[in-house]
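# Can you look at this prediction? I've put the sequence above it.
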Amino acid sequence: MNKFTVRADNLTKRFGALLALEGLTLEINAGEIFAFLGPNGAGKTTTVKLFAGLLKPTSGSASVLGFDVSLHPVEAKKAIGLLSDQPFAYPYLTGFEFLRLAGDLYGVTAAEQRLKIPELLEMFALTDRAGDMVESYSHGMKQKLALASVLLHKPKVLFLDEPLVGLDPKSARLVKDIIVALAGRGVTVFMCTHVIEIAEKLAHRVGILERGKLIAMESVADLKKRMHTAANLEDMFLQLTGGTEYAELLKYL
Ligand SMILES: Nc1ncnc2c1ncn2[C@@H]1O[C@H](COP(=O)(O)OP(=O)(O)O)[C@@H](O)[C@H]1O
Ligand SMILES: [Mg+2]
């Protein structure tokens, strides 16, 4: 079996005249934490949607656990958990009901759900609110519920699109600890993030995407060696993606 759990081969996506992703080729190992960085609009979410089968590539291919997402969508989808950048949970279900629904959709047995759902609710500190409708949840609570729902079927590959946005420090720490623990068990974590600090601390490798093109793909340590003029990942990121050219515009303030 192929040791790469996530693979893109010349993956390309156009929206009309806009080339949102251009010839992305990458391979990610089982148990690897990969941080996908890039300015707003670089194409990160588009990439994740291509891997999750929510968009069709214009050309090239995406595969998960050896299953081409276009050719074997069901097998590929079973293998993944996707936390989208706009976490969705049906507002008129309770948190508990939403997890039941997610479990049923992914074919998690009733017995397994009876065991796992209370555990996940407790882990995410949602037990007390499990009987309340999702519409009454804060953004962070919805985010945690959505993450619980994608962990229920024990995916081998997790795509997390900006997983820390809107979380309080304690919840953010929980999510970071979950990421590390899952990777330790062999789960592949593909995470889009703007939070440079978590990429620097957690990721085995980082990829930097700019205007649809992958412009760096290496460990933070290797990136530092290559760009020895930059002190930290934030500096490297800014140097690679055009720096602080807005400085000039501050005069308009
Ligand atoms: N459904 C769509 N239709 C047209 N353009 C889109 C669509 N989705 C994304 N885009 C464009 O593709 C580019 C990449 O977007 P996105 O992948 O969301 O970037 P990121 O997640 O890195 O901020 C942006 O210019 C965005 O406006
Ligand atoms: Mg995005």
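That came through fine. Note that the structure is a prediction, hence the values are computed from the model and not measured. Residues are numbered from 1 along each chain as shown. Ligands and ions are numbered 1, 2, ... in the order given.

# Tell me which residue in this structure sits closest to ligand 2.
Thr45 (3.2 Å; CB to the ion). All C-beta atoms are positioned from the backbone trio N, CA, C, and that covers glycine.

# That residue: neighbour count?
20 (other CB atoms under 10 Å).

# Now it: which helix or strand?
Take DSSP states H and E as the rule and Thr45 turns out to sit in helix 44-51.

# Okay, buried residues for the helix or strand hosting Met236 please.
Under the criterion of DSSP H and E, Met236 resides in helix 233-240. Buried residues in helix 233-240, counted by 16 or more other CB atoms under 10 Å: Leu233, Met236, Phe237, Leu240.

# The second one contacts Ala230, doesn't it?
Yes. Under the contact definition of CB atoms under 8 Å, Met236 touches Ala230, with a separation of 4.2 Å.

# what touches both of these two?
Shared contacts of Met236 and Ala230 (CB atoms under 8 Å, 6 or more residues apart in numbering): Lys224.

# that older thread, now what about the helix holding Thr45, what contacts it?
Contact with helix 44-51 is made by 6, 8, 11, 13, 20-21, 24, 36-38, 55-57, 62, 64, 69, 80, 82, 84-85, 159, 161, 190, 192, 209, as judged by CB under 8 Å, 6+ apart.

# Filter these down to the buried ones, ChimeraX style.
Buried residues among those (16+ other CB under 10 Å), as a ChimeraX selection:
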select :6,8,11,13,20,21,24,36,37,38,55,57,62,64,69,80,82,84,159,161,190,192,209
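
# Show me what the biggest helix by length in the chain is in contact with.
When the chain is parsed with DSSP state H, its longest helix is helix 169-184. Helix 169-184 has contacts (CB under 8 Å, 6+ apart) with 31-33, 123-125, 140, 143-144, 147, 151, 158, 160, 163-164, 167, 189, 191, 198, 201-202.

# ditto for stretch 86-94
95, 98, 101, 130-135, 137, 142-143, 145-147, 149.

# Quick one, which of the residues you listed are buried?
Buried residues within the contacts of stretch 86-94, counting neighbours by 16+ other CB under 10 Å: Gly95, Phe98, Ala130, Met133, Val134, Tyr137, Lys142, Gln143, Leu145, Ala146, Leu147, Ser149.

# I figured the first one hits Leu126, correct?
So that's Gly95. Yes. Contact criterion CB under 8 Å: Gly95 and Leu126 qualify, at 5.7 Å.

# Please name the bridge partners of the residue in the stretch 51-200 of the chain that ligand 1 sits nearest to.
Of the residues in the stretch 51-200 of the chain, the one nearest ligand 1 is Cys192, at a distance of 6.3 Å by CB to the nearest ligand atom. For Cys192, the beta-bridge partners under DSSP bridges are Phe36, Asp161.

# Now do the same contact list for it.
For Cys192, the contact set (CB under 8 Å, 6+ apart) comprises Ala35, Phe36, Leu37, Gly38, Lys44, Thr45, Thr47, Val48, Asp85, Leu160, Asp161, Glu162.

# what's the answer for Gly207, then?
Here Gly207 is in contact with Leu26, Phe34, Ala35, Phe36, Leu37, Leu214, Ala216, Met217 (CB under 8 Å, 6+ apart).

# and the helix holding Met236, anywhere near ligand 1?
No. Helix 233-240 lies out of reach of ligand 1 by CB under 6 Å from any ligand atom, never closer than 13.1 Å.

# C-alpha coordinates for that helix, CSV please?
Extracted C-alpha coordinates of helix 233-240, given in CSV (Å, rounded to 0.1, in the frame of the first residue of the first chain):
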residue,chain,number,x,y,z
LEU,A,233,7.8,31.5,10.4
GLU,A,234,5.8,34.8,10.3
ASP,A,235,8.8,36.6,8.8
MET,A,236,9.3,33.8,6.3
PHE,A,237,5.7,33.8,5.4
LEU,A,238,5.7,37.5,4.8
GLN,A,239,8.9,37.5,2.8
LEU,A,240,7.6,34.7,0.6
